[in-house]
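> Sequence and predicted structure below; questions after.
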Amino acid sequence: MGKINKEDILELLKEYDKENITIATLGSHTSLHILNGAKEEGFRTAIVCEKGREIPYQRFDVADEYIMVDKFSDIVNDDVQEKLRSMNVIVIPHGSFVAYAGLDRIEDDFLVPMFGNRDILRWEAERDLERKLLTEGNVRIPYKYSDPSEIDRAVMVKFPGARGGRGYFVASSTEEFNQKIEAMKERGWLEDKDVANAHIEEYVAGCNYCIHYFYSALNDEVEVLGMDTRYESSIDGFVRMPAKDQLDVSLSPSYVVTGNHPAVIRESLLTQVFDIGDKLVESAKELVKPGLNGPFCMQTLVNDDLEVICFEISARSDGGTNTFMGGSPYSYLKYGEGMSMGRRVAREIKTAIKDDKLEIILT
Ligand code: ADP
């Protein structure tokens, strides 16, 4: 089967009962507030749930329908897709949905209407495409080194794939780079083929802000709905150790997200926050038509020159949106009520149904 295009989805939509739309997602990642928000906006909700993982959804009672599967990736199976379509489902993608369904399957054979732009998911997953979106938009990103021999200051070394920072390290010279590569190989965290793909970038000494935006394609407006910082293991545990002991133990930190803290940013930085969000939306419109649509996140570091530097983006609901299930200081400013990211998505869908504009926000 070729790529799913918008016409295929619009064709399906003709058969849908628009008065009886169900909002569904995979039971993981940010599904609690996606489904809770959908209920708050009056939708019926469904969850595709891996057997054994249903407890949180039952205890928080966010789903009207459970579609139980043996494994998460079964969400793309034909029988599951059929069931979803029969319930007039609009699927809301999130990080785990993308990871388990797989980009190829989402692009080629997940024939269920999805909120947002399904083509942009590949752009956040592949580092070169992600950089292109940011650089074309003139967003400040960490300086990139093309070869280890060029290392002249502290750098962060990363490797392809979502590995929770396993094997990532900091180095300040070419010698240190080589030493650490060897050490990581000995631990079995890196293989020779990874080394050739090492991504070396300027180490930004600064504070982390992951900024959660919502781009409303209906209103052509970029909204800031919340911010978080990551709580990562083992690095955040290490820093509780006195520096002397950190030097004594020979441990390499990793950056596996285990949770998130809500955050607010210094008010004078909000101009930059809106500016980079607007810029990303503009470059996405050019590069991956029709562009961003709905939730996106810019993971940034703010240095002591008060520059907001973006090192990663998500082009769908990001895990850090879980910090504002009942609203954030920013969503309060904008909406004055408990507006989670999930609820904001549901409200956009509700508005589109009312104004007969679903074709703008679905792919
Ligand atoms: P992953 O591949 O796991 O998504 P990230 O790119 O998010 O990894 O990086 C993991 C962590 O490393 C981030 O949360 C951030 O704290 C830190 N980090 C990433 N890039 C830089 C950088 N250029 N300078 C300093 N710290 C960084």
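Structure's in. What do you need? Residues are numbered from 1 along each chain as shown.

> Given the biggest strand by length in the chain, what are its sheet partners and their directions?
Using DSSP state E to define each element, the chain has its longest strand at strand 221-234. Strands adjacent to strand 221-234 in the sheet, as given by DSSP bridges, are strand 207-216 (antiparallel), strand 255-262 (antiparallel).

> The ligand: which of those strands is closest?
Among the strands paired with strand 221-234, the nearest to the ligand by CB to the nearest ligand atom is strand 255-262 (3.8 Å). To be clear about C-beta, it is placed using only N, CA and C from the backbone, and glycine gets the same treatment.

> and after the longest strand of the chain, which helix or strand comes next?
Where DSSP states H and E defines the elements, the next helix or strand beyond strand 221-234 is helix 235-238.

> Need the three-state assignment for the residue nearest to Val76 when sequence neighbours are not counted.
Nearest residue to Val76, sequence neighbours excluded (CB to CB, 6 or more residues apart in numbering): Arg105, at 4.4 Å. State at Arg105, reduced to three classes by DSSP: H, G, I helix; E, B strand; the rest coil: helix.

> again, but for Asp119
Going by three-state DSSP: Asp119 is helix.

> residues near it, how many?
For Asp119, the count of nearby residues is 20 (other CB atoms under 10 Å).

> you'd agree it is up against Asp108?
No. Applying CB atoms under 8 Å as the test, Asp119 and Asp108 come out as separate, 11.7 Å apart.

> Get me the contact residues on the chain for the ligand.
Selection of the chain residues close to the ligand by CB under 6 Å from any ligand atom yields 142, 156, 158, 162, 164-165, 201-204, 208, 230, 232, 255, 299, 301, 311-312.

> Now a ChimeraX select for only the buried ones of those.
One line in ChimeraX is enough to select the buried ones among the residues of the chain next to the ligand; burial here means 16 or more other CB atoms under 10 Å:
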select :142,156,158,165,201,202,203,204,208,230,232,255,299,301,311,312
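
> Could you tell me the least trusted of the strands paired with strand 221-234?
In terms of mean pLDDT, the lowest-scoring of the strands paired with strand 221-234 is strand 255-262 (a mean of 93).

> CA atoms of it as PDB?
What follows is strand 255-262, C-alpha atoms only, in PDB (Å, rounded to 0.1, in the frame of the first residue of the first chain):
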ATOM      1  CA  TYR A 255      19.200  10.800  30.900                       C
ATOM      2  CA  VAL A 256      16.200   8.500  31.200                       C
ATOM      3  CA  VAL A 257      13.100  10.500  31.800                       C
ATOM      4  CA  THR A 258      11.300   9.200  34.900                       C
ATOM      5  CA  GLY A 259       9.000  12.200  35.600                       C
ATOM      6  CA  ASN A 260       8.600  15.900  35.100                       C
ATOM      7  CA  HIS A 261       8.400  19.100  37.200                       C
ATOM      8  CA  PRO A 262       6.100  22.000  36.200                       C
END
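
> Of the strands paired with strand 221-234, flag the one that's most buried.
For the strands paired with strand 221-234, the largest average neighbour count (mean count of other CB atoms under 10 Å) is found in strand 207-216, namely a mean of 22.

> Kindly state the beta-bridge partners for Phe314.
You called it Phe, but residue 314 is Ser. Here Ser314 sits in beta bridges with Cys297, as judged by DSSP bridges.

> What is the neighbour count of it?
Neighbour count of Ser314, defined by other CB under 10 Å: 23.

> Now do the contacts for it.
Gly95, Glu124, Pro295, Phe296, Cys297, Gln299 (CB atoms under 8 Å, 6 or more residues apart in numbering).

> Just the pLDDT for it.
With respect to pLDDT, Ser314 scores 96.

> mind checking how far the residue nearest to Val76 is from the ligand?
Distance from Arg105 to the ligand, counting by CB to the nearest ligand atom, to the nearest Å: 22 Å.

> pLDDT wise, what is Ala196 at?
pLDDT recorded at Ala196 is 87.

> separation between it and the ligand?
18 Å.

> Measure how buried that residue is and give me the count.
Neighbourhood size, Ala196 [other CB under 10 Å]: 6.

> Check Leu306 too.
Summarising burial for Leu306: neighbours were counted as other CB under 10 Å, giving 11.

> ok, now Pro295?
By other CB under 10 Å, the residues close to Pro295 number 29.

> so for the helix or strand containing it, what's the average pLDDT?
According to DSSP H and E, Pro295 maps onto strand 294-302. Regarding strand 294-302, the rounded mean pLDDT is 98.

> got a list of contacts for that strand?
115-116, 139, 142, 204, 206-215, 217, 265, 269, 276-277, 280, 308-318, 320-321, 341, 344-345, 348, 361.

> okay, the angle between that strand and strand 221-234?
When axes from the mean of the first three to the mean of the last three CA atoms, to 10 degrees is applied, the directions of strand 294-302 and strand 221-234 differ by 60 degrees.

> quick one: strand 294-302 to chain centroid distance?
Distance, stretch centre to chain centre, for strand 294-302: 8 Å (CA atoms, centre = their mean, to the nearest Å).

> cool, and stretch 246-262?
Put simply, stretch 246-262 sits 21 Å off its chain's centre (CA atoms, centre = their mean).

> what separates the nearest residue to Gln246 once chain neighbours are set aside from Glu312, distance-wise?
Closest residue to Gln246 in three dimensions, ignoring its sequence neighbours and counting by CB to CB, 6+ apart: Phe238, at 6.1 Å. Separation of Phe238 from Glu312 (CB to CB, to the nearest Å): 21 Å.

> Quick one: mean pLDDT over the longest strand of the chain.
Averaging pLDDT along strand 221-234 gives 96.

> Export that strand to PDB, keeping only CA atoms.
This file holds the C-alpha atoms of strand 221-234, laid out as PDB (Å, rounded to 0.1, in the frame of the first residue of the first chain):
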ATOM      1  CA  GLU A 221      -2.500  31.200  16.400                       C
ATOM      2  CA  VAL A 222       0.300  29.800  18.500                       C
ATOM      3  CA  GLU A 223      -0.600  29.300  22.200                       C
ATOM      4  CA  VAL A 224       1.700  28.600  25.100                       C
ATOM      5  CA  LEU A 225      -0.100  26.200  27.400                       C
ATOM      6  CA  GLY A 226       2.600  25.100  29.900                       C
ATOM      7  CA  MET A 227       6.200  24.300  30.600                       C
ATOM      8  CA  ASP A 228       8.100  21.500  32.400                       C
ATOM      9  CA  THR A 229      11.600  20.400  33.200                       C
ATOM     10  CA  ARG A 230      12.600  16.800  33.100                       C
ATOM     11  CA  TYR A 231      13.500  14.600  36.100                       C
ATOM     12  CA  GLU A 232      16.000  12.200  34.600                       C
ATOM     13  CA  SER A 233      17.700   9.100  36.000                       C
ATOM     14  CA  SER A 234      20.500   8.800  36.700                       C
END
